[in-house]
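Peer 1: no sequence for this one, just the structure:
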């Protein structure tokens, strides 16, 4: 199994920045470096939505329109870690952010294509 643990969430003022990290561990952690990874989020009363995804080598990335130009996804396969740099945060970015490992090596925005999920980290943007 693989465990994903997110960190870096917190309270930030609108316009500020946060950097989320997702560390993978477990028996099959080495396989994560061969997997596409993604970030999703879920705001109160809303469904979980795609935020960003990155292919196994980092050569391909994709973002939701709502975060494009403000968020950047990256990965360090040597450390089995994925990052989400969030800049120019808005009130509507408030949500629980989840890291996920895909079934394949490709970047994908479909939640059904992810097999491992973290527990989430809260991001709250205040005015």
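Peer 2: Received it, and whenever you're ready, just let me know what you need. Because the structure is predicted, anything quoted here is derived from the model rather than measured.
Peer 1: What residues of stretch 11-30 count as buried?
Peer 2: Across stretch 11-30, burial judged by 16 or more other CB atoms under 10 Å covers 12, 18, 20, 21, 22, 23, 24, 29. Any C-beta I mention is one placed from the backbone N, CA and C, and that applies to glycine too.
Peer 1: center of this protein, which residue is that?
Peer 2: The centroid of the chain falls nearest to residue 39 when counting by CA atoms, centre = their mean (2.4 Å).
Peer 1: confidence score at that residue?
Peer 2: Note on residue 39: pLDDT of 98.
Peer 1: can you tell me which residues contact it?
Peer 2: 20, 22, 51, 52, 53, 73, 82, 84, 97, 98, 99, 100 (CB atoms under 8 Å, 6 or more residues apart in numbering).
Peer 1: and what of residue 36?
Peer 2: With CB under 8 Å, 6+ apart, residue 36 has these contacts: 53, 54, 55, 56, 101, 102, 104, 105, 106, 107, 108, 113.
Peer 1: switch the cut-off to 10 Å
Peer 2: 53-57, 60, 62, 75, 100-108, 113-114 (CB atoms under 10 Å, 6 or more residues apart in numbering).
Peer 1: what's the closest non-adjacent residue to it?
Peer 2: Closest residue to residue 36 apart from its sequence neighbours, by CB to CB, 6 or more residues apart in numbering: residue 102 at 3.7 Å.
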